[in-house]
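[1] Sequence and predicted structure below; questions after.
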Amino acid sequence: MYKKIFYSSRLIVAVFVLGTAALCFLLPESANAQFQEDSLWSFPKIRADANADDTLDHIGERVTITGIANTATGILHEHYLQTFVQNDSAGMSIFGEEVDTPFARGDSVVARGYIQRYNGLAEVHVDTYKVVKGASKVPAAKPLENAIYNPRRYLGMLVEGDGKIIEKGSTFNGRYLRISPSDSTSASIMVYVSNFHHLNNDFDFEVLSIGDKISVKGVVTEYNPEYPDRRTYKVFLRSPDDMSYATLPRYYWFVGGGFLVVLCIVIGGWIVSLRRQVDKQTKELQESLQVKETLLNEIHHRVKNSLSIVSGLIGLQLDSTEDEEAKNVLQNSQSRIQSVALIHEKLYQHDSTDNIELDVYIKELVEAIHGTFSEYTEAVDLKFNMDKVRLDVDKVIPCGLLINELVVNAFKHAFSENRDGMLEVKLERENGEVEVSVADDGPGLPDDFSMLNSESLGTMLIDTFASQLNADTEITESNDGTEFTFRFSTN
């Protein structure tokens, strides 16, 4: 097995040397002469520090290097040549004042310059380089966990793996995350994006929190402006695609949990909470709607007051009128006006026009008509058998006017001043339909009475209002009196 590894290693070295020779052969003759003045330097030799005094043994010397670009130009810095090249065993940072020939990942690069340190990072300051487009492929990324435990071994090389965020922050020239390979280890490495990065604003660090697990791919380097006496190893991200979520970030859990809490509050709080939530999302629309509702309520209030004034004027006219027929006409008109006025009173007492309490409205209407016929106030008892029903105003208005006509007719024709009587009003709701009945214990209808043939205004109005409701009408007569019933759909 060891022989196979030995022969494989020698084969890789031989292929690399032959590839470099071929690359130099492809370059222009003048460039060949220039690059062949010095032999190719290895990356470990450039980083050599034999006496460990933190001063490179060959600093300032001119060298020629070659490698495969694992980072394209114009990414880590918008203006300068700042990138990394590597082979299967090592990598190196290269820097230049100008970008003569842009290159992409996987391009082969032969560069010449001098060795320098930049904030702890050993690099080659390039003054001349040549590129062979697409000559090779970027070597496979090394395991991130290996780089965390031995970062110097992987300087300038591409690494890839998962880690857990244990710190998040920013420096004077960039943003970083510190990640650890597991929950139980103290070893860690920074994941770093420079402020000079071409795509700096596209890196979404904001949604990440301590404890989140991420997948990263980038180039290992060393750099520490905050603590010059200690080296900090970082993974430079090349693009936003080099960082992804290994698990769903806690930020989204918090957002999702918050949304569920808000949703529960909206459901539990019914319309009030729902309206508050809608108001937060559509503030301008809600403010406009509130103004319109205020104006509408004011209109209903004023209409109700105006109708009450008209009803009062008719009452004054009743007091000064001797003719019985005229009194009947005025009294009928007054009760109809009161019915409509009561509707407008209900409207400005409610927030919407589709939530009128029909049972409450009918009871108040019948009691108001009862008060109008003052001669029957003591003689006629009112009885109510009402289900709770809510309807929109388009249904309530014709329903109220219809009941008004039936109750007024009962007071006129079913009762007299010389006998006690009873008027019963029922309201039932079942299977999407509403049934209303008005019953009296009077002598009943004339023998020749017919809803179809009657020409009286009251009968015509009853038929008209029933048609507006699409209601089925029924008249029941017995020894106990007369009952008018009408049934209509709530839809």
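    Okay, I see it. Residues are numbered from 1 along each chain as shown.

[2] longest single strand anywhere in the chain?
    strand 158-171 (DSSP state E).

[3] Mind listing what's buried along stretch 355-371?
    For stretch 355-371, the neighbour count (16 or more other C-beta atoms under 10 Å) marks 356-359, 361-363, 365-366, 368-370 as buried. (Each C-beta comes from the backbone N, C-alpha and C, glycine too.)

[4] now the residues you listed as TSV including secondary structure?
    Compiled in TSV, those are given as follows (DSSP: H, G, I helix; E, B strand; the rest coil):
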residue	secondary structure
Ile356	strand
Glu357	strand
Leu358	helix
Asp359	helix
Tyr361	helix
Ile362	helix
Lys363	helix
Leu365	helix
Val366	helix
Ala368	helix
Ile369	helix
His370	helix
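
[5] show me what contacts Glu160?
    141-144, 215-217 (C-beta atoms under 8 Å, 6 or more residues apart in numbering).

[6] redo that, cut-off 6 Å
    Applying C-beta atoms under 6 Å, 6 or more residues apart in numbering to Glu160 gives the contacts 141, 144, 217.

[7] For the residues you listed, pick the one with the most neighbours.
    Leu144 (23 neighbours; other C-beta atoms under 10 Å).

[8] these two touch, right, it and Leu158?
    No. Between Leu144 and Leu158 there is no contact, the gap being 10.1 Å when judged by C-beta atoms under 6 Å.

[9] Roughly how far does the closest residue to Phe411 other than its chain neighbours sit from Asn385?
    Closest residue in space to Phe411, ignoring its immediate chain neighbours: Phe373 at 4.7 Å, by C-beta to C-beta, 6 or more residues apart in numbering. Phe373 is 22 Å from Asn385, where distance means C-beta to C-beta, to the nearest Å.

[10] And for Leu76?
    Applying C-beta to C-beta to Leu76 and Asn385 gives a distance of 84 Å.

[11] Residues contacting the strand or helix carrying Thr464, please?
    If you go by DSSP states H and E, Thr464 is part of helix 457-468. Outside helix 457-468, the residues that touch it by C-beta under 6 Å, 6+ apart are 398, 401-402, 405, 409, 473, 486.

[12] Outline the domain layout of the protein.
    Segmentation of the chain into domains, based on automatic domain parsing, reads 2-132, 142-247, 282-350, 352-491.

[13] what is the mean pLDDT for the third one?
    Model confidence over domain 282-350, given as mean pLDDT, is 68.

[14] and what of stretch 235-246?
    87.

[15] again with stretch 261-274
    75.

[16] can I get the CA coordinates of that stretch in PDB?
    The C-alpha trace of stretch 261-274 is given here as PDB (Å, rounded to 0.1, in the frame of the first residue of the first chain):
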ATOM      1  CA  VAL A 261     -48.100  33.600  17.800                       C
ATOM      2  CA  VAL A 262     -49.500  36.500  15.800                       C
ATOM      3  CA  LEU A 263     -51.800  34.200  13.900                       C
ATOM      4  CA  CYS A 264     -53.100  32.700  17.200                       C
ATOM      5  CA  ILE A 265     -53.700  36.200  18.500                       C
ATOM      6  CA  VAL A 266     -55.600  37.200  15.400                       C
ATOM      7  CA  ILE A 267     -57.800  34.100  15.500                       C
ATOM      8  CA  GLY A 268     -58.400  34.400  19.300                       C
ATOM      9  CA  GLY A 269     -59.000  38.100  19.200                       C
ATOM     10  CA  TRP A 270     -61.500  37.700  16.300                       C
ATOM     11  CA  ILE A 271     -62.200  40.800  14.300                       C
ATOM     12  CA  VAL A 272     -60.600  43.300  16.700                       C
ATOM     13  CA  SER A 273     -57.100  41.700  16.600                       C
ATOM     14  CA  LEU A 274     -57.500  41.000  12.900                       C
END
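
[17] Return the distance of it from the chain's centre.
    16 Å (C-alpha atoms, centre = their mean, to the nearest Å).

[18] got the buried residues for it?
    Val266.

[19] which other residues reach that stretch?
    Gln277.

[20] still on that earlier bit, show me the contacts of helix 457-468 that map onto strands.
    473, 486.

[21] Give me the subset of the contacts of helix 457-468 lying in helices.
    Applying DSSP state H to these, the entries found in helices are 398, 401-402, 405, 409.

[22] Would you reformat those residues as CSV and include distance to Leu427, neighbour count and pLDDT?
    What follows is the ones in helices among the contacts of helix 457-468, written out as CSV (distance: C-beta to C-beta, whole Å; neighbours: other C-beta atoms under 10 Å; pLDDT from 0 to 100):
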residue, distance to Leu427, neighbour count, pLDDT
Pro398, 15, 18, 86
Leu401, 16, 21, 83
Leu402, 13, 26, 87
Glu405, 17, 25, 82
Asn409, 19, 20, 81
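
[23] Look up the closest residue to Ser77, ignoring the ones flanking it.
    Quick fix: residue 77 reads His, not Ser. Phe196 (4.8 Å).

[24] That neighbour and Ile75 touch, don't they?
    No. Phe196 is beyond contact range of Ile75, at 10.0 Å (criterion: C-beta under 6 Å).

[25] who touches both of those two?
    By C-beta under 6 Å, 6+ apart, no residue touches both Phe196 and Ile75.

[26] Of these two, which one has the most company?
    Ile75 (19 against 15).

[27] List the contacts of the more buried one.
    198, 238.

[28] Need the residues that contact stretch 114-131.
    27, 31, 46-47, 56, 58-62, 65, 93-96, 101, 103, 107, 109-113, 222-225, 231.

[29] Give me the distance from that stretch to the chain's centre.
    49 Å.

[30] Ok, stretch 52-61 next?
    57 Å.

[31] Tell me which of Leu76 and Asn385 has more neighbours.
    Neighbour count, other C-beta under 10 Å: between Leu76 and Asn385, Leu76 has more, with 24 against 10.
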